[in-house]
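Chemist: Sequence and predicted structure below; questions after.
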Amino acid sequence: MNNPGTIEDLVGQKYRHGFVTDIESDTIPPGLDEDVIRFISAKKREPAFLLEWRLKSFRHWLTRREPAWAKLHHPPIDYQGISYYSAPRSRGDGPRSIEDVDPKLLETYDKLGIPLHERARLAGVAVDAVFDSVSVTTTFQEKLAKAGVIFCSFSEAVQKHPALVEAYLGSVVPYRDNYFATLNSAVFSDGSFVYVPKGVRCPMELSSYFRINAAKTGQFERTLIIADEGSHVSYLEGCTAPQRDENQLHAAVVELIALRGAEIKYSTVQNWYPGDENGVGGIYNFVTKRGDCRGADSKISWTQVEAGSAITWKYPSCILRGDNSVGEFHSVAVTNHLQQADTGTKMIHIGRNTRSTIISKGISAGRAQQSYRGLVKIFPSAEGARNYTQCDSLLIGKQCGAHTFPYMEIRNPGAVVEHEATTSKISDDQLFYCRQRGLSAEDAVNVIVNGFCKQVFRELPMEFAVEAQNLLNVSLEGAVG
Amino acid sequence: MLLEVDNLHVSVAGTPILKGLSLRVGPGEVHAIMGPNGSGKSTLAHVLAGREGFEVTAGTIRFRGRDLLAMSPEERAREGVFLGFQYPVEIPGVNNIYLLRAALNAQRKHHGQPEIDALQFMRVVKEKARLMQLGEQFMSRGVNEGFSGGEKKRNEIFQMTILEPALAVLDETDSGLDIDALKVVAQGVNSLRDGKRGFVLVTHYQRLLAHIEPDFVHVLAGGRIVRTGDRSLALDLEARGYDWLTAANA
């Protein structure tokens, strides 16, 4: 009998967002020096403080080396071979209304399932669409403004709210933080900006949709979210890129600030092009995400579904500074074929009675390698701190790997820190059991994987939970054949 | 004829296990397959369901006249072959009822029927759960996750009563059950006896047969059926063991 249902063969590949938009762009030649940084800053008519900050970052970056501690392997990145600015050509700069957006761009987002026309849009979700280096449009701005919520591209925020930007930029991820964050600080081109005023519950879900289109470019976006006292906001980002043989660099920085009693829920569905089944092409995703629970009783929760990218290097973290503040990290990471992911979180407990929860679900198939890397750090000041960590890995097939690197630094004897970890395989028994009940092999894998991830999917905003589930199914398509 | 097994030879990892087994199951019939450990009883059950790792080296199996061996495991299931597992596997996080509904809908789709209405499904589920004495909290748990041995077996029969297969192959469903659980399982099986559905009960002991009256009892030894009789054969086996048959056959 042939073996149509052994787990071994489940490795196919269908990336649905691999098309290229044929649009005229202003792209600067590859290379990075101070002139490039001045060019970007001038292009955006930035105030002096920002140019200074960029240059300071760049000079510091020149003294740094790429980190080597992650369990990732890739050929050296040629930072001089990348173009650091590419924008679809348009009439004039700055923020645009939907009427001014090139129809080709609207079409692109339609194809991606993110219609930008307000009438066609997901009800209750505002979108900031970032295409290569610039924000194309931000929807529902007026409605949000009525509630006092500022939601715009980073460039627009620099023009309209420079004081807020200056006060908070780099306050969570300083420009010296790490190699990729430093690079981002020097060359970031756009991103999203959110400010939710005191006591306001943001009336709708906010989201940013990042799209890399141009070849030989990198995307370096920067997102800054400030939730003032007692406010609440839920934000989601999505990412896709065309299918190309070259590797493209994506080095983003996200900073979240939650003041007293505020809550920020940040969800990511990351589906950058992962490369083909032989590991050719794909996005190098080196991202720094950090939230600062600056005020007492604040809460920041990260939920991520990481399905794309050839390489993922990211550790969305929480600094629990305020007393009684809460940090959460819920993650599903899927790696198939030759994808590599080194991902996890850091929970830094400084305030009293701070609590954190880490739920990490890693799924590896094909020849992929995946690591969970997490740090739980309890300062002496963190009286009554608690952490619960659960790390589960699911292996599909025999050639993939899962690794767990949990670090704990406990400096307060009263802290309660729990860590649980499991590694399991989709067994032939489970697969056969489902098939004996009438499910196809692929449906069986999907059912088993979704069961494994349920704890995390529950945390996603409803509008995206289904999308995430489908994304997972597509990512593992062909993993059992 | 529901099931026709002819001269079946099966090897596992190169070792012959079944060596010319033949069996015919007609509509409405209950067949008990008994035999000592290692005689190939579970192998037969797995081959009927299409499990990998069992190599059919000779012989044929026809199910309602069609070549069963040419069908994938899921196709067999959708056509109405149900295997009650000896060791049902746990699938953490996958809701018991969710899997069952997916299974039922896969079968319905195969037969060109629409998906079952959620309310109607829950009605059937509740009714059958009562029959199998499974509590409601059991419904929302993961498939076999943290179930006791007896609960797992009852869950198998519970699934069977909802999927209503044409042919049910129950692999040592009685092993590890106390007498009360055994009665519940028997009740589930008997509730499906309708004069059309066929059953193959693989069992080591005759005590299940006190509750599910078989039409035929077969003794499997050395990879073949060495004796066929009625219920009284099972009682003989209980009294005398298998040696007198296997010795006679050797």
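Modeler: It's in.
Chemist: and the gap between residue A:404 and residue B:140?
Modeler: When distance is defined by C-beta to C-beta, to the nearest Å, residue A:404 is 30 Å away from residue B:140. Any C-beta I mention is one placed from the backbone N, CA and C, and that applies to glycine too.
Chemist: Which pLDDT does the model give residue 18?
Modeler: All of this refers to chain A. Per-residue confidence (pLDDT) for residue A:18: 69.
Chemist: nope, chain B please
Modeler: Residue B:18 is assigned 97 on the pLDDT scale.
Chemist: any idea which element it lies in?
Modeler: According to DSSP states H and E, residue B:18 maps onto strand B:15-25.
Chemist: State the distance from the spatially closest residue to residue A:365 that is not a sequence neighbour to chain B.
Modeler: Of all residues not flanking residue A:365 in the chain, residue A:396 sits nearest, at 3.9 Å (C-beta to C-beta, 6 or more residues apart in numbering or on different chains). Distance, residue A:396 to chain B, by C-beta to the nearest C-beta, to the nearest Å: 14 Å.
Chemist: Isn't residue A:396 up against residue A:445?
Modeler: Yes: at 7.1 Å, residue A:396 counts as touching residue A:445 under the criterion of C-beta atoms under 8 Å.
Chemist: Which phi and psi values does the closest residue to chain B within chain A adopt?
Modeler: The nearest approach of chain A to chain B comes at residue A:451, 3.3 Å away (C-beta to the nearest C-beta). Backbone torsions of residue A:451, given as degrees, to the nearest 10, read phi -60, psi -40.
Chemist: count of neighbours near it?
Modeler: Residue crowding around residue A:451 was assessed by other C-beta atoms under 10 Å in any protein chain shown; the count is 21.
Chemist: I figured it hits residue B:93, correct?
Modeler: Yes: using C-beta under 8 Å as the test, residue A:451 is close enough to residue B:93 to be in contact (3.3 Å).
Chemist: Please identify every residue contacting each of these two.
Modeler: Common contacts of residue A:451 and residue B:93 (C-beta atoms under 8 Å, 6 or more residues apart in numbering or on different chains): residue B:142.
Chemist: quick one: contacts for residue 191?
Modeler: If you meant another chain, say so; for now it's chain A. By C-beta under 8 Å, 6+ apart, the residues touching residue A:191 are A:130, A:135, A:153-154, A:208, A:221-224, A:252.
Chemist: sorry, should have said chain B
Modeler: Residue B:191 sits next to B:131, B:161 when contact means C-beta under 8 Å, 6+ apart.
Chemist: Would you mind measuring from it to residue B:197?
Modeler: Distance, residue B:191 to residue B:197, by C-beta to C-beta: 11 Å.
Chemist: Low-confidence bits of the stretch 351-481 of chain A, can you list those?
Modeler: Scanning the stretch 351-481 of chain A with the threshold set as pLDDT under 70 gives A:463, A:474, A:477-481.
Chemist: Please, where are all the strands along it?
Modeler: Per DSSP state E, counting those that start in this stretch, the stretch 351-481 of chain A carries strands over the ranges A:355-364, A:369-378, A:386-395, A:401-410, A:416-425, A:478-479.
Chemist: in its sheet, what does the second one sit against?
Modeler: Partner strands for strand A:369-378, per DSSP bridges, with pairing direction: strand A:340-349 (parallel), strand A:401-410 (parallel).
Chemist: quick one: contacts of the last one?
Modeler: Counting by C-beta under 8 Å, 6+ apart, the neighbours of strand A:401-410 from elsewhere in the structure are A:71, A:344, A:362, A:364, A:368-378, A:389, A:391, A:393-395, A:417, A:419, A:421, A:423.
Chemist: one more time with 6 Å, if that's ok
Modeler: Contacts with strand A:401-410, where a contact means C-beta atoms under 6 Å, 6 or more residues apart in numbering or on different chains, come from A:362, A:364, A:369-378, A:391, A:393, A:395, A:419, A:421, A:423.
Chemist: In PyMOL, select just the buried ones from these.
Modeler: Buried residues within those, by 16 or more other C-beta atoms under 10 Å in any protein chain shown, are selected in PyMOL with:
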select buried, chain A and resi 362+364+369+370+371+372+373+374+375+376+377+378+391+393+395
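Chemist: picking that back up, need the CA coordinates for the helix or strand following the strand holding residue B:18. PDB is fine.
Modeler: Next along the chain after strand B:15-25, taking DSSP H and E as the criterion, comes strand B:30-34. What follows is strand B:30-34, C-alpha atoms only, in PDB (Å, rounded to 0.1, in the frame of the first residue of the first chain):
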ATOM      1  CA  VAL B  30     -22.800  -9.700  14.100                       C
ATOM      2  CA  HIS B  31     -19.500 -11.500  13.800                       C
ATOM      3  CA  ALA B  32     -17.200 -12.000  16.800                       C
ATOM      4  CA  ILE B  33     -13.500 -12.600  16.100                       C
ATOM      5  CA  MET B  34     -11.800 -14.300  19.000                       C
END
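Chemist: now for strand B:30-34, which elements pack on it?
Modeler: With contacts defined as 3 or more C-beta pairs under 6 Å, 6 or more residues apart in numbering or on different chains; DSSP states H and E, the secondary structure elements packing on strand B:30-34 are strand B:198-202, strand B:216-221.
Chemist: tell me the mean pLDDT for whatever helix or strand comes next after that strand?
Modeler: Per DSSP H and E, strand B:30-34 leads on to helix B:41-49 as the next helix or strand towards the C-terminus. Averaging pLDDT along helix B:41-49 yields 96.
Chemist: Can you confirm whether helix B:41-49 lies near chain A?
Modeler: Yes: using C-beta under 6 Å from any C-beta of the partner chain, helix B:41-49 reaches chain A at residue B:49.
Chemist: hmm, who's touching that helix?
Modeler: Contact with helix B:41-49 is made by A:436, B:10, B:17-18, B:33, B:35, B:54, B:83, B:169, B:171, B:202, B:220, as judged by C-beta under 6 Å, 6+ apart.
Chemist: Tell me the secondary structure at residue B:151.
Modeler: Classification of residue B:151 using DSSP: H, G, I helix; E, B strand; the rest coil returns helix.
Chemist: I'd like to know which elements the strand or helix carrying residue A:180 is packed against.
Modeler: Following DSSP H and E, one finds residue A:180 within helix A:179-187. Contacts defined by 3+ C-beta pairs under 6 Å, 6+ apart place helix A:179-187 against helix A:48-62.
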